[in-house]
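**Q** please find the sequence and the predicted model below.
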Amino acid sequence: MDSARNRNLTIGIIFALLFLGVGLDRLGYMTPVRALVQTIVQPAQGALSVAASQASDVVQRQQSIEELQKDNAFLQDEVNRLAVENIRLRELERENEQLRELLNYTRNNVDFDYRAASVVGHVIGSDPSNLLYTIFIDVGVKDGIAEDMPVITPRGLVGRVTGVGATSAQVLLIVDPASSVNVVTQNSRVQGIVRGELGGTLIMERIPQGETVAPGDLVLTSGLGGQFPDKLVIGQVIEVFQRDLDLFQTARVRSTVDFGELETVLVLTAFEPVEFEQELLKSKEEAN
């Protein structure tokens with residue numbers, strides 16, 4: 001009962017204060033009080049407002065940073081994708097250029113039958129066997145490839161097939177010491193033999209004393225021996241070695257083929273061998 005009486009008393013006091021406050025406000029007595037309260041509360045309100053604004057800015061900045069990070073990640077992925085696509089397109093362009101070069105060569109040299117091939121492996125360096133400088137191509141017996149077939153590019157002679165599998169073949173490069181090619185200089189028609197050296201260079205041997213061979217002379221296959229057709233480019237003379245006591249001169253030849261960059265080649269599957277007597281007679285006539 002005391003509890004109910006106290007509750008009623010409290011409610012009565014609250015209503016009395018409310019009526020008193022309303023009355024005082026109408027009479028103007030609450031204005032100073034309100035001003036005092038505002039004076040006390042306003043700094044706290046300002047501080048709370050600044051804190052809330054700063055908190056909002058922090059949240060917005062964090063959201064902006066996260067959005068920028070997402071955008072940067074997307075842009076980086078796009079840059080990587082475009083870089084890969086650019087590399088792919090460049091490789092396609094390079095491959096198309098090589099194929100166009102091969103096609104133009106075959107169109108301009110109709111005396112041979114060809115088989116195009118891609119280089120799928122290189123062996124260039126020291127080896128216990130004679131095969132120091134060898135490449136592997138992706139055509140074989142199933143494609144009509146046989147041993148000793150010449151291999152070329154539009155830039156010149158590459159080598160000859162020395163081993164054949166069902167779908168691949170091994171090619172001995174002309175820069176290998178085991179390789180030898182009968183050759184002739186284009187202008188002076190001086191004959192000799194080009195061999196490979198351990199350094200991957202070419203040397204022209206058995207040049208008769210008294211014959212003129214000079215740096216800049218172009219060296220071609222002579223076709224003698226029937227291993228290679230004639231008129232295939234070997235390279236260019238860069239240095240001549242001559243001693244009076246020697247029976248022959250020698251010359252260093254730079255190949256027109258970059259063997260380290262070989263990607264596509266042509267295998268000559270059929271050609272007409274040069275008859276020795278006809279070539280010898282032709283060389284004498286041209287020399288005269």
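**A** Cool, got the structure. Numbering: from 1, shown residues only.
**Q** state whether Asp176 is indeed within a helix.
**A** No. Counting by DSSP: H, G, I helix; E, B strand; the rest coil, Asp176 is not part of a helix but coil.
**Q** how many neighbours does it have?
**A** Other residues near Asp176 come to 25 when the count uses other Cβ atoms under 10 Å. Using the backbone N, CA and C atoms, a C-beta is placed for each residue, glycine as well.
**Q** how much space separates the closest residue to it other than its chain neighbours from Thr201?
**A** Leaving aside its sequence neighbours, Asp176 sits nearest to Tyr133 (Cβ to Cβ, 6 or more residues apart in numbering; 4.0 Å). Distance of Tyr133 to Thr201, computed by Cβ to Cβ, to the nearest Å: 11 Å.
**Q** comparing these two, which residue is more hemmed in?
**A** Tyr133 (24 against 15).
**Q** and the more buried one, how far is that from Phe259?
**A** For Tyr133 relative to Phe259 (Cβ to Cβ), the value is 7 Å.
**Q** now Arg252
**A** Separation of Arg252 from Phe259 (Cβ to Cβ): 16 Å.
**Q** what ranges do the strands span in the stretch 101-250 of the chain?
**A** Per DSSP state E, counting those that start in this stretch, the stretch 101-250 of the chain carries strands over the ranges 113-124, 133-137, 150-153, 156-164, 169-173, 180-185, 191-196, 202-208, 218-221, 233-241, 248-255.
**Q** list the contacts for the residue nearest to Asn187 when sequence neighbours are not counted?
**A** Closest residue in space to Asn187, ignoring its immediate chain neighbours: Asp217 at 6.2 Å, by Cβ to Cβ, 6+ apart. Going by Cβ atoms under 8 Å, 6 or more residues apart in numbering, Asp217 touches 185-188, 236-237, 251.
**Q** ok, back up a step: now list whatever residues contact both of Tyr133 and Thr201.
**A** Common neighbours of Tyr133 and Thr201 (Cβ under 8 Å, 6+ apart) are Val175.
**Q** how long is stretch 145-158 from one end to the other?
**A** End-to-end distance for stretch 145-158, by Cα to Cα, to the nearest Å: 16 Å.
**Q** ok, Pro154 touching Glu101?
**A** Yes. Shown here, Pro154 and Glu101 form a contact pair, counting by Cβ atoms under 8 Å, at 5.0 Å.
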